[in-house]
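Visitor: Structural data only, the sequence is not supplied:
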């Protein structure tokens, strides 16, 4: 399906663009004469950041945030000592003198900016971090962003440099997550459809306002910081399946530190940068839903509705409904690898543009391969950190099973809408049976959520993978469970440092 046809179909399917800041006919068009800017969008975002208080956070949002924070910490520890993360840390050390902010999962310390870069990249390195969900039916699942990776590293790092209690930390974190998620939701689908990586594009704003909130900036200074952040927005989907994808997430985390530092020193920028004719939304999306920012920041909070998904497997979220269903079918029918003749896996058309590695040759490519994700469950019965490795991908039995998996675009999945990840599975067995199943959402989504204890178990898997001390693991879980009572966030970073 061509992009124009997709946008046209999206509009006719749900009228989801009725509150757009432009006429529907302008969607996908980048010329200035067709772009109708709303007034005061950047200022409204800044006012939301300034005026939001901890008491404004609903109880469910606080508890959901704790799960994502714990999840992010675990991922940082799991990857912080890896060879790939070490490359980036070596670069950061070459650029700066010794710093005060810990590189999570290691004994290293870097200046705030470079620590945010290193920790953000580590959190996203395994593609195992939380994922924003969508409201509108035209928003391709996966189009939106990974919020915690952009916001947690700079805000936690900043708490290392100034006295910060748990409530103040969580407030800054939640404000940052809310802003970047609403910006991603507001932007026209053209942004993602034309190749932008949403975490790199929108995450810069979450990291910036999270830092600005913690530093107590006024409205005008936050607006200038947002303008500075906009100059850092970027990232391309072509990098999916390479080390440059997590780098894009790390750069989003870093950008918030840079933008807030410069704004604090008096650097300026266009205070209408989001909504202007030559501004962010026009350049990156061609169109946007102004009401999402003028009226819906914190109403409801994204964590509450439509929610943020936590991954049970270290791979692209688009595979997760199918993986959840495949595990259920394997267990329900006692399916063994030798029993399988062929597996048909159908999803909507747009999933095909992200899950692009049909014959993966390494662990990074496997994260964006439906074929591998189905095959490894059938062969190994699980799909964790140890399975998404080069050695696992290139096992003869896994490669053989990959060749039995047929991944295709299914009209039934398209008809279900792009706000779902509908996955239809049919397994042909050697005894003549066909076992079939369907799932719209995966484990860890708001429709099938993980409890705090299930997230804690994932955290233990991550720290165990990194051979992290059990006592520190237990201490981190306990700390995050009662985060609002923490008198000093530096106690948490100490637990996350070797």
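Guide: Structure's in. What do you need? All values reported here derive from a predicted model rather than from experimental measurement.

Visitor: Now do the strands in the stretch 251-400 of the chain.
Guide: 308-309, 340-347 (DSSP state E, counting those that start in this stretch).

Visitor: Now distance to residue 403 too, for those strands, in a markdown table please.
Guide: In this view, the C-beta of every residue, glycine as well, is placed from N, C-alpha and C. Output for those, formatted as a markdown table (distance: least, C-beta to C-beta, whole Å):
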| stretch | distance to residue 403 |
| --- | --- |
| strand 308-309 | 30 |
| strand 340-347 | 10 |
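
Visitor: Least confident of the ones you listed, on average?
Guide: With a mean of 94, strand 308-309 has the lowest mean pLDDT of those.

Visitor: domains for this structure, by residue range?
Guide: As given by automatic domain parsing, the domain ranges for the chain are 12-309, 317-439.

Visitor: quick one on the thing from earlier: so which of the strands of the stretch 251-400 of the chain gets nearest residue 410?
Guide: Across the strands of the stretch 251-400 of the chain, residue 410 has its closest neighbour in strand 340-347 (2.9 Å, C-beta to C-beta).

Visitor: Residue 391 and residue 377, how far apart?
Guide: Separation of residue 391 from residue 377 (C-beta to C-beta, to the nearest Å) stands at 17 Å.

Visitor: out of the two, which sits in the busier spot?
Guide: residue 377 (22 against 11; other C-beta atoms under 10 Å).

Visitor: Contacts made by stretch 322-338 with the rest, please.
Guide: Stretch 322-338 is contacted by residues 312-313, 345, 347, 370, 373-374, 377-379, 381, 383, 397, 401, 423, 425, 427, 429-430, 435, 437-439, 441-443, 448 when judged by C-beta atoms under 8 Å, 6 or more residues apart in numbering.

Visitor: In this protein, which residue is most central in space?
Guide: Taking C-alpha atoms, centre = their mean, the centroid of the chain lies closest to residue 146, which sits 1.2 Å from it.

Visitor: That residue touches residue 129, doesn't it?
Guide: Yes: counting by C-beta atoms under 8 Å, residue 146 does reach residue 129; the two are 5.0 Å apart.

Visitor: So residue 253 is in contact with residue 155, correct?
Guide: No: Residue 253 is beyond contact range of residue 155, at 9.3 Å (criterion: C-beta under 8 Å).

Visitor: so where's the stretch 301-450 of the chain uncertain?
Guide: Along the stretch 301-450 of the chain, segments meeting pLDDT under 70 are nowhere present.

Visitor: ranges for the helices of it?
Guide: Here the stretch 301-450 of the chain has its helices, by DSSP state H, counting those that start in this stretch, at 320-333, 363-366, 370-380, 390-393, 396-402, 411-415.

Visitor: Quick check: nearest residue in space to residue 215, chain neighbours excluded?
Guide: Distances taken as C-beta to C-beta, 6 or more residues apart in numbering place residue 260 nearest to residue 215, at 6.1 Å, with adjacent residues excluded.

Visitor: Mind putting the domains of the chain into a markdown table with distance to residue 485?
Guide: Listed next are the domains of the chain as a markdown table, based on distance: least, C-beta to C-beta, whole Å:
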| stretch | distance to residue 485 |
| --- | --- |
| domain 12-309 | 6 |
| domain 317-439 | 31 |
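
Visitor: now for these, which one comes closest to residue 468?
Guide: domain 12-309 (5.6 Å).

Visitor: Just give me how far the closest one sits from the chain centre.
Guide: Mean C-alpha position of domain 12-309 versus that of the full chain (C-alpha atoms, centre = their mean, to the nearest Å) differs by 10 Å.

Visitor: Make residue 1 into 45 and carry on from there
Guide: With the count now opening at 45, the last piece we talked about shows up as domain 56-353.

Visitor: which residue ranges form the strands in the stretch 45-194 of the chain?
Guide: 145-146, 153-154, 175-176.

Visitor: Of the ones you listed, which is nearest residue 257?
Guide: strand 145-146 (18.1 Å).

Visitor: contact partners of that closest one?
Guide: 152-156, 159-160, 201, 204-205, 537-538, 540-541.

Visitor: quick one: average confidence on it?
Guide: 96.

Visitor: That strand pairs with which strands, and in what direction?
Guide: Strand 145-146 pairs in its sheet with strand 153-154 (antiparallel), by DSSP bridges.

Visitor: Tell me who's in contact with residue 156.
Guide: Taking C-beta under 8 Å, 6+ apart, one finds 143, 144, 145, 198, 201, 202, 204, 205, 301 in contact with residue 156.

Visitor: residue contacts, the last one?
Guide: Just to be clear, that refers to residue 301. 156, 157, 160, 198, 201, 202, 251, 255 are the contacts of residue 301 under C-beta under 8 Å, 6+ apart.
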